[in-house]
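Student: Build me a model from this:
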Amino acid sequence: MSDLYLIILLLVFPLFPGFSGYESITLSKYVFLLAAAGGYLAALIAVSVLHPEPLPRFGAPQWAATAFFAAALLSWLCSPWRAESFVGAGRYDGLLSLAVYVLSFLGVSLFTKPKALHFHALGAAVTLCCAVALLQLTGLDPLGLFPGDLTYYDSGVRYSGTYLGTIGNTNILDAVLCLAVPVFAVSAVRERALRWLFLPLALSLAVLALAGGDGAYLALGATVLAALVFLPRTARGRRFGLLAAFGLTAAAVCAVWLYPGESGTLYELRCALEGKLDDSFGSSRVLIWRETLALVPARPLLGGGPGTLALRLDIRFSRVTESGAVLTSFVDNAHNVYLGYLANLGALGLAGYLALLLTAALRAWRCRSARSDALALGVFCAAVHGCFGLGLVLSEPVFWAALGLLCTAKRR
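Tutor: A predicted model of the protein is given here:
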């Protein structure tokens, strides 16, 4: 039962675009997720009634996830925007979505363990999603996801945002690929039965190279450094990996510091090293982060409530295209998963989430196996990308499912 639900999250959910393409892909995936989670919860209740058995013992990750949801529930109960907070005033990121994430994590971590079937499911989903994305990059739209005659290359000209593949927004696609790339790389090298995952690995890297965001590149770079320290099994290997990671980091910092350009990501990184941050840096992420942080002192402990940042932020961007059209966009997200939890759930909610990630890291360090190592690096890469990501319902179910596989509980 849990394996079936997991296959739905890893295979069917990423590929399901709804019936109206990108125009309503978020709503479509949200409804699909609620239906799947509702069915899973009903099945769990039925099984527990018909065949009552003691639950597997909760470990530190399960308690951390429970504490995270308890903080979210308390934040919702104390929110001045309780009605909007249940579903979420932004893009379906309210209490109900958080409940589904935690349910998925607990169900996966308590009632199953990493199996080859799970890796095959994610590999198949990413293969098909990237195939669609690569065709869209050639100007085709095989699934008719773009409305009318629009294409990927009309982004910023005829519409705001950037969309690709069966995930939707390219930032969300980056989040899924950042999780998938390390999982595929380690699994394909370590397990003969999973060698075919080199195919989705190559397709993922091709999509990231052609249309990936800078946050994805930084996350993948950080994961390479982490892998040098994490993957070696001997103390000598870890020392060598640590030296190599330190050397690569020093070389990268020097390269950024000496970068002569006056624009682009490397220029912005150089300014950051010099302590000069402009609000326009990171596609105006610095501005969004500052405005989000400015909201925290008003409700520091419990935040404004799950999914309420859209009601509290007042940032909009508009520009005139070459054709004379005016494109306007409104900011309803912190563009940083951790700042989003801090503003929405307060210090208690963010502490619960960080505790979950920390306990997952400790579990991965103690329970070494090929599949655990692959999941650990995938979760790490996705967590780093979360510093620049949206953390929406389009990608979070996949992340929480992988996190649950990483934190499988010991059986009684």
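Student: Mind telling me what element the closest residue in space to Ala60 that isn't next to it in sequence is part of?
Tutor: Leaving out its chain neighbours, the residue that sits closest to Ala60 by CB to CB, 6 or more residues apart in numbering is Thr359, at 4.1 Å. For the C-beta atoms, the positions are set from N, CA and C on the backbone; glycine is no exception. Element membership for Thr359, per DSSP states H and E: helix 337-366.
Student: Likewise for Gly38?
Tutor: Going by DSSP H and E, Gly38 is in helix 25-50.
Student: For that helix, buried residues please.
Tutor: Ile25, Thr26, Ser28, Lys29, Tyr30, Phe32, Leu33, Ala36, Ala37, Tyr40, Leu44 (16 or more other CB atoms under 10 Å).
Student: Specify which member of these is nearest to Leu73.
Tutor: Ala37 (16.7 Å; CB to CB).
Student: Could you give the number of residues near the closest residue to that closest one other than its chain neighbours?
Tutor: Excluding the flanking residues, the one nearest Ala37 by CB to CB, 6+ apart is Val100, at 4.5 Å. The number of residues packed around Val100, counting by other CB atoms under 10 Å, is 22.
Student: what do you get for Glu84?
Tutor: 19.
Student: Just want the phi and psi numbers for it.
Tutor: phi -70, psi -30 (degrees, to the nearest 10).
Student: quick one: contacts for it?
Tutor: Gly94, Gly305, Gly307, Thr308, Leu311 (CB atoms under 8 Å, 6 or more residues apart in numbering).
Student: could the residues you listed be laid out in TSV, adding pLDDT and distance to Leu287?
Tutor: Converted to TSV, the contacts of Glu84 look like this (pLDDT from 0 to 100; distance: CB to CB, whole Å):
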residue	pLDDT	distance to Leu287
Gly94	95	25
Gly305	96	23
Gly307	94	21
Thr308	95	20
Leu311	93	19
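Student: buried sites along stretch 201-214?
Tutor: By neighbour count on 16+ other CB under 10 Å, the buried set for stretch 201-214 is Leu201, Leu203, Ser204, Leu205, Val207, Leu208, Ala211, Gly212, Gly213, Asp214.
Student: cool, stretch 179-193 as well?
Tutor: Leu179, Ala180, Val181, Pro182, Val183, Phe184, Ala185, Val186, Ser187, Ala188.
Student: and Val393, helix, strand or coil?
Tutor: coil (DSSP: H, G, I helix; E, B strand; the rest coil).
Student: gap between it and Leu197?
Tutor: Remark: distance between Val393 and Leu197 (CB to CB, to the nearest Å) = 26 Å.
Student: And the strands in the stretch 151-300 of the chain, which stretches?
Tutor: Under the criterion DSSP state E, counting those that start in this stretch, the stretch 151-300 of the chain contains strands at 163-164, 168-169.
Student: Tell me which of those strands lies nearest to Ala401.
Tutor: For the strands of the stretch 151-300 of the chain, distance to Ala401 was read as CB to CB. The smallest value, 18.2 Å, belongs to strand 168-169.
Student: Now, the buried residues of stretch 201-214 that are in helices?
Tutor: Leu201, Leu203, Ser204, Leu205, Val207, Leu208, Ala211, Asp214 (DSSP state H).
Student: what about the chain, any weak spots by pLDDT?
Tutor: The model of the chain has pLDDT under 70 over residues 318-327, 409-412.
Student: contacting residues for the spatially most central residue of it?
Tutor: Computing the C-alpha centroid of the chain and ranking residues by CA atoms, centre = their mean puts Ala175 first, at 4.4 Å. Going by CB under 8 Å, 6+ apart, Ala175 touches Ala382, His385, Gly386, Gly389, Leu390, Gly391, Ser395, Phe399.
Student: And the residue lying closest to it once chain neighbours are set aside, how close does it get to Asp279?
Tutor: Leaving aside its sequence neighbours, Ala175 sits nearest to Ser395 (CB to CB, 6+ apart; 4.3 Å). Counting by CB to CB, the gap from Ser395 to Asp279 is 26 Å.
Student: of these two, who's got more company?
Tutor: Ser395 (29 against 13).
Student: closest to Gly148 among the buried residues of stretch 201-214?
Tutor: Ala211 (21.0 Å).
Student: Surely the closest one touches Leu164?
Tutor: Yes. Here Ala211 reaches Leu164: they are 5.8 Å apart, a contact under CB atoms under 8 Å.
Student: what touches both of those two?
Tutor: Contacts common to Ala211 and Leu164, judged by CB under 8 Å, 6+ apart, are Ala133, Leu137, Tyr152, Thr170.
Student: what's the farthest-apart pair in these?
Tutor: Maximum distance among the shared contacts of Ala211 and Leu164 (CB to CB): 10.9 Å, for Leu137 and Thr170.
Student: okay, those two: which has more neighbours?
Tutor: Thr170 (23 against 17).
Student: show me the contacts for the residue nearest to the more buried one when sequence neighbours are not counted.
Tutor: The shortest distance from Thr170 to any non-neighbouring residue, by CB to CB, 6+ apart, is to Thr162 (4.5 Å). Shown in contact with Thr162 (CB under 8 Å, 6+ apart): Tyr152, Ser155, Gly156, Asn169, Thr170, Asn171, Ala211.
Student: So how do I select the buried members of the residues you listed in PyMOL?
Tutor: Restricted to buried positions by 16+ other CB under 10 Å, the PyMOL selection for the contacts of Thr162 reads:
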select buried, resi 152+155+169+170+171+211
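Student: Can you tell me which of the contacts of Thr162 comes closest to Ala67?
Tutor: Asn171 (28.4 Å).
Student: For Ser395, see how far away that closest one is.
Tutor: 9 Å.
Student: joint contacts of the two?
Tutor: In contact with both Asn171 and Ser395: Gly389, using CB under 8 Å, 6+ apart.
Student: Other residues contacting stretch 96-105?
Tutor: Contacts for stretch 96-105 (CB under 8 Å, 6+ apart): 5, 9, 30, 33-34, 37, 40-41, 65-66, 68-69, 72, 86-88, 306-307, 393, 396-397, 400-401, 403-404, 407.
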